[in-house]
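> please find the sequence and the predicted model below.
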Amino acid sequence: MNPQEILSQMTLTEKADLCSGADFWHIPGVPRLGVQPMLVCDGPHGLRKHIDSAIQAGFYEAVSTACFPPSACMANSFDVALEEEVGDALGKDCQAEQIGILLGPGANLKRSPLCGRNFEYFSEDPYLSSRMADGYIRGLQQNGVGCCLKHFAANNQEYRRLNVSDVVDERTLRELYLASFEYPIKHAKPWSIMCSYNRINGTYSSDNRWLLTDLLRKEWGYEGMVMSDWFAVNDRIAGIKAGLNLEMPGTDHDSNRQVELAVLEGKLSMEELDSVVLDTLKILARLPQWPENATLPWEKDHALARKAAAESAVLLKNQDGVLPLWDNQKVAFIGAFAKTPRFQGGGSSHVNAHNVTNSWDAAQGRFASLTYASGYDLSKDEDDSLIPAAVETAKRADIAVIFAGLPEHYESEGYDRTHLNLPPCQNRLISQVAAVQPNTVVVLMGGSAMVLPWRDEVKAILYLCLGGEAVGEAAVDLLTGAVSPSGRLAETFPLRLEDTPSYLDFPGHDDLVPYHENIFIGYRWYLARKIPVQYPFGYGLSYTSFSYANLRLSQSTITQGEAITATVEVTNTGSVPGAEVVQLYVADHSGRTSRPPRELKGFAKVFLQPRETKTVSLELDWRSFAWYDVQLSDWYAQGSFEVQICADCERVLLWAPVEAVSKIQRPLVVTRNSTLDQLLPHPVAGPAVRKLFAKAGITDEKLTHPDGHTLPLDYPIRNLRYEAQLTIGELEDWMEKLNQSIREAESCCE
Ligand code: BGC
């Protein structure tokens, strides 16, 4: 039976029963009609499938599973194909564990580096975030299991996440927070979407009709189902009217009975109920045919997790080429993270990792000697008692590698950080070791940006982020040079918390969170305000070097609806193989609205042997240039732009000009307060204004001449009626006729 036929045979009670979970982790079925329930489970970077799959339990009661690097780490790879590979592996894991939908990935943006859940999100940039999410979803869903893209939308903090209302304008939503979801929704078509806990401009996402129906379904054409985040539902009836298909977890039929009653009392129409039930039935119809006796491919997953962690590591500093290490060096590993690494974050995404490796074990036998000192106690922030022994160990070695970073309790779902610092005792350890050992390297672990006060004191910094279960081996692959680092920062490392874009409004007051920084988050803010940072977005070093040449565009003009291709040649100019991230940004020089100095609009990762050159092609469409114009309710661009190939968001290497031509004529209504500079460029108003002033002896030359003997271009037309020799009444008549001609011209071109 197809879903429509099933729907036609369902009773009201059965329909209502499909509006909330069967239990903690199941979408209910319709037993009488043979529709099976479907198991959903957390993700995103591994399976958190509980042993008793109906209830919520601690993560130790979850199946043992491969733990891939969380999204924050994967985004540093700037490698969509790699993310797709990880998604594919997770899809196969879902098959083996008979999971229908994996709850992830999260495409929320990093509005503030303080958000406790930033390790679960990709980036501060919507282009990078949306492309990585897209790769993950495509990879996973090609296995016949589904994703649940979350948390839609603007769930950008943990503090009072069930209460706060984001006060945010539409342009900011469209260009940033929604854009991060829009591309994967349209392109990868996730089976399901999870609505967020928070409110947007006063309305909870769980009952936001604009968000879940007008935008998501009508404008973006989404055909899957929307489930609530766990316990996110505000008003179930309003939610159904808004397009929320499923409340999660189940409420033991309590809310289902409300739904039934609402229909009986005429507060909810059968059409409204049918519409949400049908979407769910369509997803249930996709229930996979599970393979017989499948087991988790642990070894294969582990090898991929190792590759992913190594490809995502970012080399922030490498003075005097101190890295990679040499086989004949006496190496000291310092820091508890060398033996017990940080590799994932806390909260609902925390998985029971199958095989966590540490660098101490992985590095055995790799150097002339390897010694260890713990240096700090992970449970104490201010205890310096382990520093002296670490300093002695460092002194006796040729090189000290300190494993440092954010302890587990510093970042988790459920709360935000209040500062960007490492535990003070770790900062002191690093400074004191660096004071006695000139070759000090820091291997940094943690899921989001940190302030590194000792960065001028050490020779090298290798940022692993949270590298998943194989992070220990991946770190050794990088330290020994088996892999050349090729990650780039997917978020800015600012100098101070006070410099961050949302500093004054995070986490808000009285449950209101004003997004005063609007479109200027992350690097958009630091670039626009020329605020120096520790390390910019897109930054990362390599053991080799690259050069760029011959940036070419397929056309130097883009008309709305068209796409253009940029090509550029990249050469590995160093002596070891390595991968480079080609980054393309677009800068708007048209001066038509307020825009960030440049925005990422394309990237590609290329692997090159020494002296090898490859040509990289990147496609740019209209959205690569356009901004969201709320007056037009559309994406608009007009005028001069520049396509820039950059080393990171701050350093432009090559550039080429582009002219954007919109097909939309901005609607114009002439009023007493319209100004000359608004009217003159208009195809109908411009000639009319010229004619009016010409009659009064003011020539075109005088009207527009730039040397100052002109009418002020920013004066409202009411102020210029004296120059035009018009009475108020004549001005009114003139405006009325002009508006009529403009309307006629617009309607003939529609
Ligand atoms: C989280 C979701 C998660 C769900 C189920 C919620 O608290 O926000 O991301 O999928 O719990 O565990």
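Perfect, thanks for sending it. Source: prediction; values computed, not measured. Numbers count the residues shown, from 1 in each chain.

> show me what from the stretch 151-300 of the chain comes close to the ligand.
Counting by C-beta under 6 Å from any ligand atom, the stretch 151-300 of the chain comes close to the ligand at D229, W230. (Glycine included, C-beta is placed from N, CA and C.)

> next: the chain.
So far as C-beta under 6 Å from any ligand atom goes, the chain lies against the ligand at D42, L103, K150, D229, W230, S348.

> buried residues of stretch 545-565, list them for me.
If you call a residue buried by 16 or more other C-beta atoms under 10 Å, then stretch 545-565 has these buried ones: F546, Y548, L551, L553, I558, Q560, I564.

> make TSV out of the residues you listed and add secondary structure.
What follows is the buried residues of stretch 545-565, written out as TSV (DSSP: H, G, I helix; E, B strand; the rest coil):
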residue	secondary structure
F546	strand
Y548	strand
L551	strand
L553	strand
I558	strand
Q560	coil
I564	strand
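
> could you count how many residues lie near K663?
Other residues near K663 number 9, with proximity taken as other C-beta atoms under 10 Å.

> among the residues of the chain next to the ligand, which one lies nearest to F693?
K150 (58.4 Å; C-beta to C-beta).

> out of the residues of the chain next to the ligand, which is most surrounded?
Result: L103 is most packed of these (other C-beta under 10 Å), 27 neighbours.

> who's in contact with that residue?
Residues near L103 by C-beta atoms under 8 Å, 6 or more residues apart in numbering: V40, C41, D42, G43, P44, C148, K150, M194, S348.

> strands - which of these land there?
V40, C41, D42, C148, K150, M194 (DSSP state E).

> what pairs with the last one across the strands?
Put plainly, it is M194. M227 (DSSP bridges).

> show the pLDDT at it.
If you check M194, the pLDDT there is 98.

> now do the SS call for the spatially most central residue of the chain.
The centroid of the chain falls nearest to S129 when counting by C-alpha atoms, centre = their mean (3.1 Å). Classification of S129 using three-state DSSP returns helix.

> swap in A475?
helix.

> please verify my assumption that it contacts L464.
Yes: counting by C-beta atoms under 8 Å, A475 does reach L464; the two are 6.1 Å apart.

> need the residues touching each of those two.
By C-beta under 8 Å, 6+ apart, the residues touching both A475 and L464 are A309, A313, V443.

> related to what we said a few turns ago, need the contacts of L103 in CSV with distance to L215, can you?
Compiled in CSV, the contacts of L103 are given as follows (distance: C-beta to C-beta, whole Å):
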residue, distance to L215
V40, 24
C41, 28
D42, 26
G43, 25
P44, 23
C148, 18
K150, 16
M194, 16
S348, 26
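
> going by distance to R690, which of these wins?
K150 (55.7 Å).

> quick one, domains of the chain?
Split into domains by automatic domain parsing, the chain comes to 12-42+77-284, 307-509+520-535, 546-661, 676-749.

> residue of the stretch 51-200 of the chain closest to the ligand, please.
With C-beta to the nearest ligand atom, the shortest gap between the stretch 51-200 of the chain and the ligand falls at L103, namely 3.9 Å.

> what is that residue paired to in the beta sheet?
D42.

> quick check: which ranges of the chain have low pLDDT?
Under the criterion pLDDT under 70, the flagged ranges of the chain are 54, 57-60, 705-710, 749-750.

> longest helix anywhere in it?
For the chain, the helix with the greatest residue count under DSSP state H is helix 728-749.

> tell me the buried residues in that helix?
Quick answer for helix 728-749 (16+ other C-beta under 10 Å): L731, W734, M735, L738, N739, I742.

> out of those residues, who's nearest R496?
I742 (51.1 Å).

> what count of nearby residues applies to the closest residue to that closest one other than its chain neighbours?
Spatial nearest neighbour of I742, chain neighbours left out: V684 (4.9 Å); criterion: C-beta to C-beta, 6 or more residues apart in numbering. Per other C-beta under 10 Å, the neighbour tally for V684 reads 19.
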